[in-house]
Every structure is written in C-alpha cells, then in structure tokens.
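**Q** Fold the following and give me the result.
(chains A and B)
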Amino acid sequence: MNRFKLWLEQTMMISFAIYVGIIIEGLVYAMMGDPLTSFNLTWLQLVSVILTGALCSLPTIFWLADTDIPKNKFIVRIILHCIGLYAIVCLFGYIFKWYVKLDGFIMMTIIYFLVYVFVCVVTLWFHKRDDNKINKALDDIRDEE
Amino acid sequence: MQVFIEKVDSKEEEQAVIKAVEITDEISGAVELLEGDSKSFAVSKDGKVYIIKASVVYYIESIDKKTFVYTKQGCYDCKYRLYELEVMLGGYFMRCSKSMIINLKKIKNVKSQISGRVDATMLNDEIVVISRGYVKEVKRRLGIG
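**A** Coordinates of the predicted model:
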C-alpha cells in the first residue's frame, strides 16, 4: 500500500512537472515570435504525459526508494536512473510525437532534466519537512540522561 | 473522556486510573503508553541473568534469529523474539526496520539521507537506520501523522 501511494505521488509530481515544462516551452516559443495558436496539444499528448509519469515512477519505487546502500553506490544508481528515465521519455516522445525536429528534441531534453531536478528537490524537501516535524515531537518525549 | 491530573511528591506515588465502559483501541494504546516505562524483562550477559526496565533500552536487534538488547551499559542477549518484544513493550517502542525495534524516547534526532532512509542518532550517539516505510508509523506514534 505504501508503494502504491508512493507511486501515485510520484506520478502526480512528475506529470505536474512535465505540464509546467510544457507551459514554459510554450512561453519560450511565444516569446520567440511564434503565434500563440501554433502551440497546441492533443488529448493524446496530455494522456501520454500521465502515462510517462506513471512509468517513470516505477523504477524510482523499485530501485531508489528505501534502499540501504552506501552513498557512492547510490549516486551511481541515481545516474543510471536518470539515464534510464531519459530513455523512457525519449521513447514516449517518439511514439506520441512530442518532438518532430531537432529543436523540439533539445527542448524536450532540457525539460526532462529540469523536471528530474525539480522532482529530486521536492522529494528532499518533503523528507526535510518530515525530519523537522519528527525532531520537534521527539523533543517533547525524550528521556533525560 | 475527562482527564484529571493530580500532582504527587514522588515517582512511587505515580499511578493512572482509567474508568471506561469498554476497553477501546485508544484506551489500550494509552495503557501501553503509560506502562511502557515500568515494564521489565529478562536479559542475559556472560551467563548472568538480569532484569532490566524497558525505559533503559535504546534499541533491540535481531541477528541470525538471536535477539540483542542495547542499553547505555551495553548489549544483552534476550530470549524473546522481536515480534514478542514489540507486543510486550508497545508504546514508544516500535519497529524501525525488519530486524530492529527502536525506543523513540532515546532518539536524539533524525536525519533523512539522500537514499530515502532515515538515520536516527540515539542518545549514546549510535546511529540506527529507520526504513522509510516505517516513518509514517513513527509520525503516528508521535501524534503528528
């Protein structure tokens, strides 16, 4: 149940971050002079974002969450995880036509790395918030020695 | 339920009387919590048997089907299995991983690691790992979940 909840959380977080990335992409194109109507998304592309989020969450849950491995091994795992998810995103991007030309592919790559960093930062922030809450509560019950 | 607190002069005079129509989960939890510190159990070290109070225990670990109890004074063998001690001690004693029970009252602070696991620094500066999956239960026991 915990893993299922984590999977849902991660899916929502990643999907939200991709949507924000798409909005930023649209704004960039608009600022470069493209007419606003030229940038539009089909319903299938919107669904594909959620599908990507759901699929990208799975390696996180089964490979990264709650691991008890040394820090250096974990960093190697993070790098492999990042590359693995990038491969999934490229594949989905190709299937769902997120990019047609090279500039679209570059933009998608930039968005991917921004989303990856965003999700990492938010996850760490959640953990930090938990730590603070727990430490505060522990102060009230701690034995004196 | 109404709660009355009356100040007494010594630890020996401390007692709690609960008047209830039935023993609910909440009442059982309160009893466990109140009894936690006064519970004692047998441990052994170098062939000698000792009776120790639950309140002196930092954490309990199971290694190769043997149970070890860690206190400020050192490590003791224990005949009880981890799941038996978990039920017996209750209150602020809780599972922090598959092979460990931790006394929340003996934690100095907690810190999340990048890998998602949570390191708990005990009052004797030892570090005990709390698996991320148990953090929700820690928060629940501390009344912040």
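
**Q** can we go C-alpha only for contacts and neighbour counts from here?
**A** Noted.

**Q** Any buried residues in stretch A:11-24, and which?
**A** Residues of stretch A:11-24 classed as buried by neighbour count (16 or more other C-alpha atoms under 10 Å in any protein chain shown): A:Thr11, A:Met12, A:Met13, A:Ile14, A:Ser15, A:Phe16, A:Ala17, A:Ile18, A:Tyr19, A:Gly21, A:Ile22.

**Q** how distant is that stretch from the center of its chain?
**A** Averaging C-alpha positions (C-alpha atoms, centre = their mean, to the nearest Å) puts stretch A:11-24 8 Å from its chain's average.

**Q** cool, stretch A:111-128 as well?
**A** Worked out by C-alpha atoms, centre = their mean, stretch A:111-128 lies 7 Å from the chain centre.

**Q** ok, now stretch B:85-101?
**A** On C-alpha atoms, centre = their mean, the centre of stretch B:85-101 falls 6 Å from the chain's centre.

**Q** For that stretch, list every residue counted as buried.
**A** Applying 16+ other C-alpha under 10 Å to stretch B:85-101 flags B:85-86, B:88-97, B:100-101 as buried.

**Q** what's in contact with that stretch?
**A** For stretch B:85-101, contacts defined as C-alpha atoms under 8 Å, 6 or more residues apart in numbering or on different chains pick out B:29-30, B:32-36, B:39, B:54, B:59-63, B:82, B:102-105, B:129-131, B:134-135, B:138, B:141.

**Q** how far does it stretch from start to finish?
**A** 8 Å (C-alpha to C-alpha, to the nearest Å).

**Q** Report the distance from the helix or strand harbouring A:Asp140 to the chain centre.
**A** In this assignment (DSSP states H and E), A:Asp140 forms part of helix A:102-141. Relative to its chain's centre, helix A:102-141 lies at 9 Å (C-alpha atoms, centre = their mean).

**Q** got it, and stretch A:18-37?
**A** On C-alpha atoms, centre = their mean, the centre of stretch A:18-37 falls 20 Å from the chain's centre.

**Q** Need the residues that contact that stretch.
**A** Contacts with stretch A:18-37, where a contact means C-alpha under 8 Å, 6+ apart, come from A:Phe39, A:Val49, A:Met107, A:Ile111, A:Tyr112, A:Leu114, A:Val115.

**Q** how about the residue of chain A found nearest chain B, what does it touch?
**A** Nearest residue of chain A to chain B: A:Arg142, at 4.4 Å (C-alpha to the nearest C-alpha). By C-alpha under 8 Å, 6+ apart, the contact set of A:Arg142 is B:Leu104, B:Lys105, B:Lys106, B:Ile107, B:Lys108.

**Q** and which of those residues is nearest chain A?
**A** B:Lys105 (4.4 Å).

**Q** how close does the nearest residue to the closest one once chain neighbours are set aside sit to B:Lys48?
**A** Ranked by C-alpha to C-alpha, 6 or more residues apart in numbering or on different chains and with sequence neighbours excluded, the top spatial neighbour of B:Lys105 is A:Arg142, at 4.4 Å. According to C-alpha to C-alpha, A:Arg142 stands 30 Å off from B:Lys48.

**Q** So A:Ile141 sits against B:Lys105, correct?
**A** Yes: between A:Ile141 and B:Lys105 a contact is recorded at 5.8 Å, counting by C-alpha atoms under 8 Å.

**Q** The two: which is more packed in?
**A** Taking neighbours as other C-alpha atoms under 10 Å in any protein chain shown, A:Ile141 and B:Lys105 compare with B:Lys105 leading, 21 against 14.

**Q** looking at it, the more buried one is touching A:Asp143, isn't it?
**A** Yes: in this structure, B:Lys105 is within contact of A:Asp143 by C-alpha under 8 Å, at 5.5 Å.

**Q** which stretches of the chain aren't confidently modelled?
**A** In the absence of a named chain, this looks at chain A. Along chain A, the parts satisfying pLDDT under 70 run over A:1-2, A:65-68.

**Q** That was the other one, I meant chain B.
**A** In chain B (pLDDT under 70), the answer is B:11-12, B:32-33, B:35-38.
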